[in-house]
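**Q** Here is a sequence together with a model predicted from it:
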Amino acid sequence: MHPDLNKLLELQARDIELMGVDARLKELDLEREALNTDLNRAREAVAAAQRAMEAGSRQRDELEAKIEAHRKHQEKRKEKLEFMRTPKEVAGLMAEIDLARGVLSTEETDWVRSSDQVTQLEMRVVEAEQQVKAIEADQAEARRGLDSRRGVLDIERQAALTRREESARNVRKPLLQQYDKLRASATRRVEVVVALSGPACGACFTTVPVNRRTQIKTGAVIEGCESCGVILYAAE
Ligand SMILES: [Zn+2]
């Protein structure tokens, strides 16, 4: 085997190690995301309950202001009653007062209903807030676990990266560039340095011509597969 290939295979092993750590880090991220999704859903429920409660309060306050204004009008009508001269005027104003009393009574009933509704909506906010607290408490242990696993993995990743860089220093620059380029473009493949599989490329199984195969086997050259581009070597 070409001596550079051993160094390249060593580098590839380090890269696969690094990918393994990255995959575990990604899993942690997904676990954290799942926790965040649950918590955010509960927080959104609080926000929605608060909006409903605020809308309800506004409606109640508007009703209250309206009732207050109608009450004042009614007071003025009653005061005016003393100054009415004729029975016709008195009867007219009395009819107005009766009508206004009916309106006020309906509005007051509406206000009581509206006020009860606000109380219900306030309770719903409290319940939603309690739900958030319950989820936070439920998740506390899981989050602590995630934090400590991340701490361990961060250290592991740093170590794997250092080993990778050390390996990379042993590989000749042009070969390293070729390898890095292959790695960057290989989205699904884990290995970009691949053993021959019989007469064919071990990645895409395209047959490699005999003379090139021989050169690969004797270590005379470092060849890439003509079809898929992976760097080929002959397994001992
Ligand atoms: Zn191939």
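**A** Perfect, I can see it now. Numbers count the residues shown, from 1 in each chain.
**Q** The chain against the ion: which residues are in contact?
**A** Taking Cβ under 5 Å from the ion, the part of the chain that reaches the ion is made up of 201, 203-204, 225, 227-228. No exception for glycine: its C-beta is placed from N, CA and C like everyone else's.
**Q** Would you indicate which residues of stretch 87-95 are buried?
**A** Using 16 or more other Cβ atoms under 10 Å as the test for burial, stretch 87-95 gives residue 93.
**Q** For residue 193, which residues are in contact?
**A** With contacts defined as Cβ atoms under 8 Å, 6 or more residues apart in numbering, residue 193 is in contact with 5, 8-9, 12, 179, 230-231, 233.
**Q** Tell me what it is bridged to.
**A** Per DSSP bridges, residues listed as beta-bridge partners of residue 193: residue 231.
**Q** in terms of contact count, name the helices or strands touching the helix or strand harbouring residue 129.
**A** Following DSSP states H and E, the helix or strand that holds residue 129 is helix 87-169. Counting contacts by 3 or more Cβ pairs under 8 Å, 6 or more residues apart in numbering; DSSP states H and E, helix 87-169 packs against helix 3-81.
**Q** hang on, the earlier thing: could you figure out how far the helix holding residue 129 is turned away from helix 3-81?
**A** Between helix 87-169 and helix 3-81, the angle comes out at 170 degrees (axes from the mean of the first three to the mean of the last three Cα atoms, to 10 degrees).
**Q** And residue 32, how far from the ion?
**A** Taking Cβ to the ion, to the nearest Å as the measure, residue 32 and the ion are separated by 38 Å.
**Q** Setting aside sequence neighbours, what's the nearest residue to that residue?
**A** Setting aside the residues directly before and after it, residue 32 is nearest to residue 146 in space (Cβ to Cβ, 6 or more residues apart in numbering), at 5.6 Å.
**Q** Which pLDDT value goes with that neighbour?
**A** We have a pLDDT of 97 for residue 146.
**Q** same check, this time on residue 218
**A** Predicted confidence (pLDDT) at residue 218: the value is 88.
**Q** residue closest to the middle of the chain?
**A** When the chain is reduced to its mean C-alpha position, the nearest residue by Cα atoms, centre = their mean turns out to be residue 33, at 5.5 Å.
**Q** which residues does that one contact?
**A** Applying Cβ under 8 Å, 6+ apart as the definition, residue 33 turns out to have no contact partners.
**Q** if I look at it, how far off is residue 146?
**A** Using Cβ to Cβ, to the nearest Å, we find residue 33 at a distance of 11 Å from residue 146.
**Q** Ok, residue 75 next?
**A** Shown here: residue 75 relative to residue 146, a distance of 66 Å by Cβ to Cβ.
**Q** List just the nearest of the contacts of residue 193 to the ion.
**A** The shortest separation between the ion and any of the contacts of residue 193 is 5.3 Å, and it belongs to residue 230 (by Cβ to the ion).
**Q** Quick one: neighbours of that closest one, just the number.
**A** Around residue 230 sit 21 other residues, with neighbours defined as other Cβ atoms under 10 Å.
**Q** which helices and strands does the helix or strand of the chain with the lowest mean pLDDT pack with?
**A** When the helices and strands of the chain are compared on mean pLDDT, DSSP states H and E, strand 223-224 comes out lowest with a mean of 86. In this structure, strand 223-224 packs against helix 210-218, strand 231-233, with contacts taken as 3+ Cβ pairs under 8 Å, 6+ apart.
**Q** residues making contact with the first one?
**A** With Cβ under 8 Å, 6+ apart as the test, helix 210-218 has contacts from 196, 199, 208, 221-223, 232-234.
**Q** Which pair in these has the greatest spatial separation?
**A** Put simply, by Cβ to Cβ the two of the contacts of helix 210-218 set farthest apart are 199 and 222, 18.5 Å from each other.
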